[in-house]
Every structure is written in C-alpha cells, then in structure tokens.
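In: no sequence for this one, just the structure:
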C-alpha cells in the first residue's frame, strides 16, 4: 500500500488545478453576463439610446465594481462547492424515505444554508444594478399628516427573499436531480466545442427553473410574507407606508414589472451558477493520459497498471479506465507497452495488472446481479434494497488467472455500506467505492427472513458454492418447512437434521429476547398497514435497477479495453501474453452476459427511461444498463470475429463453448 502523499498526487496536481481553471473562466465570463443582465433589466424600447448610455455609466460606477467583486466571490464559492460535492457514481434513492433522508442530511442542510446566503448576496447585487425602487431597503415616506419618516421598501425585501428562496430551491433540486453527478462523454470533444454546444441548454434550464422558482416564491410570500416584513420593520425600526399596497396581496403581486425583474434576476443567478457547474464538468472529465510503464521506481505509482489496481479516488479510477479504453483503440505504441515483458524476468506485469483489475470489476458486477436476482426470486419483487450502501473497491479482491477462481462468488460483496451523496469524492481511500450502492437492507421493517438468509456467507456445503451456474443447470431445493431467522442466517441448506442440532439447542433465545422480538414484529405489522408508511418505504423497481448499474461506466470501459486489447493481440502480441488469460476473459464475459440477460427479463429493467432535458442534472446514469448490454455483446463479437475458429482450441466449459459457437455463427 502506498503512502498518503502518493494517494493524493492526482487530486493536488490535476483535479484541483482543473477546478481552479474552471472557476477562473467562470469569473472571466462574469462581466459580459452581468452586462447582458443590466441591459435586459433596464432596457426601454421607447428610449433605447438613453437606456444604453445609462447602462454603460452604471457598469462603470463604484457600486457596480463592488457588485462584481461580490459576484466573483459567489462564483468562487460555487466552484468550491462543486469540487467538494461532486461524484462520478450517483447515489440513487430507491424509495421516498431514502430521498427524504438525503434532503435532511446535516451536510445537505449546510449546503442549503450556504446557497441561501449566496442567493441573498446575488439578489442584493441585482437590486444595486437594477436601481430605481429596488435599490434601497428603506426610503423617506410622507404620512397623511405631512410628517416624514423612514419606511420599509418592500420591493427590496422581496428581491432579497426571492434570491434566498431560489438558492434554497437550487440546492434541493441538486439532490433530487443528481446535479453533483459528473458523467463522461462518449464522444471526445475540445472544451470550447463542449461549452458552445451546452450553452443553449444552460440558458433554457436557467430561464425555466427561474420561472418555476419565482412562481413558488410568490405563492409562499402570499401566505407567509407578513412574517418577514413585520420582523424586519420591527428590528430596523422601519414603518410601513399605508398608502402603498403590500406585496403579499393580490394587487401587490400582480405588478408585471416586479415579476419581470424577479424572473430576470433569478435567471441571472442560476445562469452564473450553471455556467460554473458546466465548466467544472468539462474540465474535470478531460482525458488524462497515464504512462504505461516508467523507468524510475519512484514514479511507479503514476503508471496506469498501478493506478488501476491500487485504492485511488474515484475520479482517478474512472479517468484511468477511460484512458485504458482509448489506449486499446487508438495507440499501437502504448499497446506494445502493455504486451511487453519485464526485464529481467520476462513477466507480463503490465498485462496481468490491467487484465486482473478489469476481470475483477466484471466479476463484482456479475455477483451483484446474481444477488439481486436471488432477492427478486425469493421475495417476488425487489424488496428491502437500499440506495446507499458501503461498497468495497474492486482492488480489495484479487483475481487469479483460473476460470474457477474468477467465477466463484465472494461473500464480501454483500457488505452494507451507506455511502451518501454528500460524501466527498475527491478523497481517496477505502471509503471511496467503485461498485454501485445496491445491497439488501436488513434493517427495513419489511425485510423478510428469506432475504436475511441471502446475506450470509456461502459455505462449501451450499448448492450455490463454486462456479456461478445457469438457472437451467442448478436450481434450489424446494422449501419443505421454515425455520427461525437465526437458524437461517448460516447460509447452509435447510434440512431436518440441522433444525435439531445441539448448537441450536444450546443457543435458545431468552424470554426477554422473545418478548422484544414479538413486539418488534407487531410494530412492523402495524406500520405495514399504514398507507403513508407504505408509500414512503415502498421500493421503486426502476430506481433499484438504476442503482445496480450506477457505476457501469467503469465496466463499459473495462469491456472495451479488454476486447480491443485482445483483438490487437492477434497481430501485435509477440510473446503470447494475452492468450494465457483468454479463457478467463471469455468465461467472465459470457457469465456476465448470462446475468445481464436474466436481469433484462425482469419487467422493470426492460423499459428504457426518457432522458430529461429540462434540468442541468445529468441523467445518463439511467441508461447505463442498456449501454452495458450493448457494449458487452459488441465486445464478445469483437473477440470471436477476430479469432474465429481458433477459439475452438480455448479451454472453456461446454456451456460456454456452446454460447461461443452462437457468437461465431452470428446467432446472438
């Protein structure tokens, strides 16, 4: 295991500088964006020349410069929050209660509070640039008796409250739509072209979300507007002008000029934040080329094989897998380094490290699919499956070249891991998982004893121990009787002898434990009959399937990298290092295809969701399972087309040979 300094080298030297570059570009774009906002907020069709000169004088005034400084600070803070909260593996809520848990998380509360403050600052800057009746919080008003006093300017107050409300709404929508999720584009483009192509979407999303946010704010202010107005006037000792309609009334809220200014200001606020988010996504996901091997030992942790196999931050893991996929397709010179032998010794260390990590990823996905299918088959539907779980990294498991070791299930896949959407993704270590957040939740009030039995380690006497087999070859024995939850937790097959063992006789639960267990079951049954509780705890099958494939982008790159390297080895592998692991690669892909085919036979997995274009939240994770299925089939065809009848000499099982023959005959 390498040191902490080596673990964070990529964050310090690459990711942080990319984030700084994105923030710098967002700050540089702030003056032209502000100028457009000022023109739109003060422009008059009746006096265009006068309005233009007024806007120019306003942009060069001292108040405008001070507003630029505050807006620049807000942009820097937004960029820092993007760096702090981003993730390459989205956390998908599989139930309503899980989504509420994300929204009520203390880390999310702090995030919402910061966004409220930033929205308040941006709204104050908008009032300064807009001017007129919105500029000051107080003004001198003349009463009916002719006396003058300081009165509260409710227009200014409404602007400030609207900015805070829009900031708060933005933070909540960020959790609901996974706006902190950073995806990698399939088609590689220059940063300028990506920014130019995404700019219309940013404008559309900003204007649309601003419209809905202002609508919701008007409704809230209509019912609760008197509370902040009375508190501010009492705190600052300001009077209310009785000759002016209050803005929490229908007559006050029907001011079209006020509504337009609120909408323009909210659009400006969201546009600056979305531009910062867009630039961050573009810079962070830029392709990074890792060296395959190095002549110096101290630089070994910078090389691609070491980066793939060691515990690294997730962004580094994904960029390394992306580089592997591009290397295998477009770089013959770097492929030669992968196929090369070490000197002295003549061992294919590069190929072994890369292939074992890719096979480990694919094997972990296969085991997750098997566990999911067993859960669905046992319960009739996907029950008690939580969105957040403590997932282990693929590098924690070693993969041997033998087919049996690769295909054997590992009980550690079922570890519970409640990783949150608010967990920092830039920190490396064991807390940065690569697998998807999808494990059975045994603490759910609706978890069945049969589900708890599935989470136990698989023993050698179990019929499921060993190679993962097809459901047509190996089936479970029928259940002739039921046992207690404790007796089912050992994972062994049920039998009459196991019920009457001396071990169970000596471990009978006490009366207090039985009493508590009975009361617990009564509470579960009572809650299960409540409609609201069932609505909150009801699992969403579509979201469960999406969570199962949440990290499948890494598996897609692993399939592409392996298949292209195997294809290139037919003519470029001079030492035959790939052929030694070809049986393991084919068996791993075929077993994964069988598990994927079983998954797509489920009702909720076959419906392809429609990508949403009304939000800046990236919804590509919803279609990852379809991309994985297509990539898997293409990868197998790529290998079979290249090797052809030579695959008949590869030692695989009879079932796998039959599947390979179907690929050779183009019948799949």
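Out: Happy to help now that I have it. Note that the coordinates shown come from a computational prediction; the quantities given were computed from them, not determined experimentally. Numbering: from 1, shown residues only.

In: Check the spacing between residue 661 and residue 134 real quick.
Out: Residue 661 sits 75 Å away from residue 134, taking CB to CB, to the nearest Å as the criterion. In short, each C-beta sits where N, CA and C put it, glycine included.

In: I meant residue 246, not that one.
Out: From residue 246 over to residue 134 the distance is 16 Å, taken as CB to CB.

In: picking that back up, more neighbours: residue 661 and residue 134, which one.
Out: Neighbours were tallied for residue 661 and for residue 134 using other CB atoms under 10 Å; the higher tally belongs to residue 134 (24 against 13).

In: In terms of helices and strands, where is the closest residue to that one other than its chain neighbours?
Out: When the adjacent residues along the chain are set aside, residue 134 lies closest to residue 127, with 4.6 Å between them (CB to CB, 6 or more residues apart in numbering). Taking DSSP states H and E as the definition, residue 127 sits inside helix 106-130.

In: Mind giving me the packing neighbours of whichever helix or strand comes after that helix?
Out: Scanning forward in sequence from helix 106-130, with DSSP H and E defining helices and strands, the next element found is strand 138-142. Using 3 or more CB pairs under 8 Å, 6 or more residues apart in numbering; DSSP states H and E as the contact criterion, the elements in contact with strand 138-142 are strand 148-152.

In: how far does the strand it packs on sit from the chain's center?
Out: Computed by CA atoms, centre = their mean, to the nearest Å, the separation of strand 148-152 from the middle of its chain amounts to 51 Å.

In: again, but for stretch 10-25
Out: Relative to where its chain is centred, stretch 10-25 has its mean C-alpha point 20 Å off (CA atoms, centre = their mean).

In: Which residues does it contact?
Out: Contacting residues not belonging to stretch 10-25 are listed as 75-76, 79-80, 82-83, 276, 279-280, 282-284, 286, 288, 312-313, 315-316, 426-428 [CB atoms under 8 Å, 6 or more residues apart in numbering].

In: Can you flag the buried ones in those?
Out: Buried members of those, counted by 16 or more other CB atoms under 10 Å: 75-76, 79, 82-83, 276, 279-280, 282-284, 286, 288, 312-313, 315-316, 426, 428.

In: Can you tell me which of the residues you listed end up in helices?
Out: Among the buried ones among the contacts of stretch 10-25, DSSP state H puts 75-76, 79, 82-83, 276, 279-280, 282-284, 315-316 in helices.

In: between the residues you listed, which is nearest residue 648?
Out: Top of the list for closeness to residue 648, among these and by CB to CB, is residue 316 at 40.5 Å.

In: rewinding a little: the residue nearest to residue 134 and residue 135 touch, don't they?
Out: Yes: using CB atoms under 8 Å, residue 127 and residue 135 qualify as a contacting pair, with a distance of 5.6 Å.

In: what comes up buried for the helix or strand encompassing residue 328?
Out: Assigned by DSSP H and E, residue 328 belongs to helix 314-330. Neighbour-count burial for helix 314-330, counted by 16+ other CB under 10 Å, picks out 314-328.

In: What residues of the next helix or strand along the chain from it count as buried?
Out: For helix 314-330, the following helix or strand on the C-terminal side (DSSP H and E) is helix 332-339. Within helix 332-339, the residues that qualify as buried by neighbour count (16+ other CB under 10 Å) are 334, 335, 337, 338, 339.

In: same question, stretch 567-586
Out: 567-569, 573, 577-579, 581-586.

In: Closest one to residue 351 out of the residues you listed, please.
Out: residue 577 (4.9 Å).

In: so who does that closest one touch?
Out: Contact criterion CB under 8 Å, 6+ apart gives 339, 341, 348, 351, 569 as the residues in contact with residue 577.

In: same thing but at 6 Å, please
Out: Contact criterion CB atoms under 6 Å, 6 or more residues apart in numbering gives 339, 348, 351 as the residues in contact with residue 577.

In: SS state for it?
Out: Taken by DSSP: H, G, I helix; E, B strand; the rest coil, the conformation at residue 577 corresponds to coil.

In: Look up the pLDDT of it for me, please.
Out: On pLDDT, residue 577 comes in at 91.

In: So what touches the helix holding residue 328?
Out: The set of residues that contact helix 314-330 without belonging to it, under CB under 6 Å, 6+ apart, is 10, 88, 184, 288-290, 307-308, 334, 425, 432, 434, 554, 557, 560-561, 564-565.

In: Please, a PyMOL command that selects the buried ones among those residues?
Out: A single PyMOL command is used to select the members of the contacts of helix 314-330 judged buried by 16+ other CB under 10 Å:
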select buried, resi 10+88+184+288+290+307+308+334+425+432+434+554+557+560+561+564+565
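
In: What residues of whichever strand or helix holds residue 71 count as buried?
Out: Residue 71 belongs to helix 62-85 when assigned by DSSP H and E. Counting neighbours by 16+ other CB under 10 Å, one finds that the buried residues in helix 62-85 are 64, 67-68, 71-72, 74-79, 81-83, 85.
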